[in-house]
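S.K.: Here is a sequence with its predicted model. Questions after.
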Amino acid sequence: MPPQLDKEFGTVPDLIRFYADTVPDKHALTNGIRAITYAELAVMMERIAASLQRDAVPLGTAIAICAAQTTIEYAAAFFGILRAGAVVAPLAPSSTPDVIGAQLRDCAAPILFVDSETATQLQGVIGAAQIRCVSLDNSSGGMALDDWMLAPGASAGKVRILPDHGFNIIYSSGTTGTPKGIFHSHAMRWAHMRRAIYPRDATTMISTPLYSNTTLVAFLPTIAAGGTVVLLEKFDTHRFLKLAEALSATHAMLVPVQYARLLDHPQFEAFDLSAFRMKFCVSAPFSPKLKRAVLDRWPGALTEFYGMTEGGVTCALRCEEFPHKLHTVGTPLPGHELRLIDRDGVEVAPGEIGEIVGRSNAMMTGYYNQPDRTAEAEWYAPDGSRFIRTGDIGRLDADGFLILSDRMKDMIISGGFNIYPGDIEAELALHEALDEVAVVGVPSATWGETPVAFVVPHADVAVDGASIKQWLNGRVGKTQRLSEVLITDRLPRSEIGKILKRELRDRFESLRSAR
């Protein structure tokens, strides 16, 4: 563990100031065109923090960021908010203006950092909320960052940050209903950074948005170690590969769909990726076939993480060490505890399927302003230990590796039988003509629910739904048989690659209504 992380507790701003003093000229952030050193990042962080203090932002106040581009200014604002003792509320610009408006009201942010794209998108919301906007790209969407910030040399006043003080509020990716803000403390983030050991010379590719916990899992530990973060404003396969080669990238955090697209790049093998030491994946199902392809074609190790933004248990699979376990998500990290429970909250017998609950020193404080929903997300063991419910279904194999089945909310109950879409998807994925697959449950007058598949064929491959259905139904149990297979050119995904199954269910209902 790097000496600066050896303390039981510290803060990210303290680490940035440490590196500004010890390695001032080292690059902290770059986008491949422009870079700033740790000394420059510390100056910018202090200017932003001092400006927040000038604007009388109290300790513990949420400050929101909603920007379409992942930029150096975005990252600096993130750190400046923390330095001022405020709480970062990074919002997803992919949400609707109504949802973003509800999130702003929920966290009561007095200041919103935007860029030109989100300022236009949120014009009505901003006016209704009467919130002060600061433009990260100095556009007309708000007061220009350069004008809002105090002059270089400004320094924020001393702030005492305690372990239980708020670090961030990350809103879940729901598209409707009341926002659910996941509240993380500084202690939780410090524990996360201490367990994720990155070397001082790490150069980490970041190609997912900074409002996502997926990104923070790699972004924060790299900065904590004094490494260099490469920020891609938007994910682009060619630019990713070009920058990774040019900057001799050593680490990357990617979601499965990004791995697939990179490996599909026609010139993938032409790029020199030999500097890579470790690649990470989290957030969405990572097929054994794709893991194997990454291991075979991309230098460096590969680790898949399984966990939740809410925290609790994190599992890790070191794919190169356990190539016979690629169908699993690995085992709990040291200090992490995993249990499986049934619908009544009772632990299941070894080898049986149950809901995954977990605990560690990296757990959310709760859902912001929502104690009832926080209580719903918790499970207490007979000895009183607090666990976080994942809503995921799985089982442990004989070696203690976790095998995921599905999300509880995606489980299909057909004729009284529990059907796990993931089991059907795993079988469908074996079809040589298919690139991507997703199975959802739709209403059925006969069975209550019935499974339907959406499939994306490989490019230039002609398939029909009836033949895919016949192929699959001959390979699975009677209750798992598909009632219909629909061909599509793409599956709807979130910004971090999760398949939006609600959209697929809605799409099927629209098609059924139109028949």
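M.R.: In hand now; what should we look at?

S.K.: What's the first helix or strand after the longest helix along the chain?
M.R.: Longest helix in the chain by number of residues (criterion: DSSP state H): helix 38-54. Later in the chain than helix 38-54, the nearest helix or strand by DSSP states H and E is strand 62-66.

S.K.: Check which helices and strands that next one sits against.
M.R.: Secondary-structure packing of strand 62-66 (3 or more Cβ pairs under 8 Å, 6 or more residues apart in numbering; DSSP states H and E): helix 72-83, strand 87-90, helix 97-107, strand 111-114. Where you see a C-beta, it was placed from the backbone N, CA and C, and this is true even at glycine.

S.K.: circling back: residues touching the longest helix of the chain, excluding its own?
M.R.: 13, 16-17, 19-20, 23-29, 36, 63, 76-77, 79-81, 83-84, 86, 111, 148-157, 159, 226 (Cβ atoms under 8 Å, 6 or more residues apart in numbering).

S.K.: how about 7 Å then?
M.R.: Outside helix 38-54, the residues within contact range by Cβ atoms under 7 Å, 6 or more residues apart in numbering are 13, 16-17, 19-20, 23-26, 28-29, 63, 76-77, 79-81, 83-84, 86, 148-150, 152, 154-157.

S.K.: between the helices and strands packed on strand 62-66, which gets nearest to F417?
M.R.: F417 sits nearest to helix 97-107 of all the helices and strands packed on strand 62-66, at 35.4 Å, using Cβ to Cβ.

S.K.: just to revisit the earlier point, show me the one of the helices and strands packed on strand 62-66 that comes nearest Q370.
M.R.: helix 97-107 (8.8 Å).

S.K.: Next, the angle strand 62-66 makes with that closest one.
M.R.: 160 degrees (axes from the mean of the first three to the mean of the last three Cα atoms, to 10 degrees).

S.K.: that older thread, redo the helices and strands packed on strand 62-66 as JSON lines? Include mean pLDDT.
M.R.: Putting those into JSON lines (pLDDT from 0 to 100) gives the following:
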{"stretch": "helix 72-83", "mean pLDDT": "98"}
{"stretch": "strand 87-90", "mean pLDDT": "98"}
{"stretch": "helix 97-107", "mean pLDDT": "91"}
{"stretch": "strand 111-114", "mean pLDDT": "96"}
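
S.K.: Of all these, which one is nearest H327?
M.R.: Nearest of these (Cβ to Cβ): strand 87-90, 33.5 Å.

S.K.: and that closest one, what does it pack onto?
M.R.: strand 62-66, helix 72-83, strand 166-171 (3 or more Cβ pairs under 7 Å, 6 or more residues apart in numbering; DSSP states H and E).

S.K.: Which parts of the stretch 201-350 of the chain are strands?
M.R.: 203-206, 228-231, 251-254, 278-281, 301-306, 315-318, 331-332, 337-341 (DSSP state E, counting those that start in this stretch).

S.K.: which one of those strands is the most hemmed in?
M.R.: Most buried of the strands of the stretch 201-350 of the chain, by mean neighbour count (mean count of other Cβ atoms under 10 Å): strand 251-254, with a mean of 26.

S.K.: From the chain's centroid, how far away is that one?
M.R.: Here the centre of mass of C-alpha atoms in strand 251-254, compared against the chain's by Cα atoms, centre = their mean, to the nearest Å, lies 12 Å away.

S.K.: Stretch 279-299 now?
M.R.: Per Cα atoms, centre = their mean, the centroid offset for stretch 279-299 relative to its chain is 16 Å.
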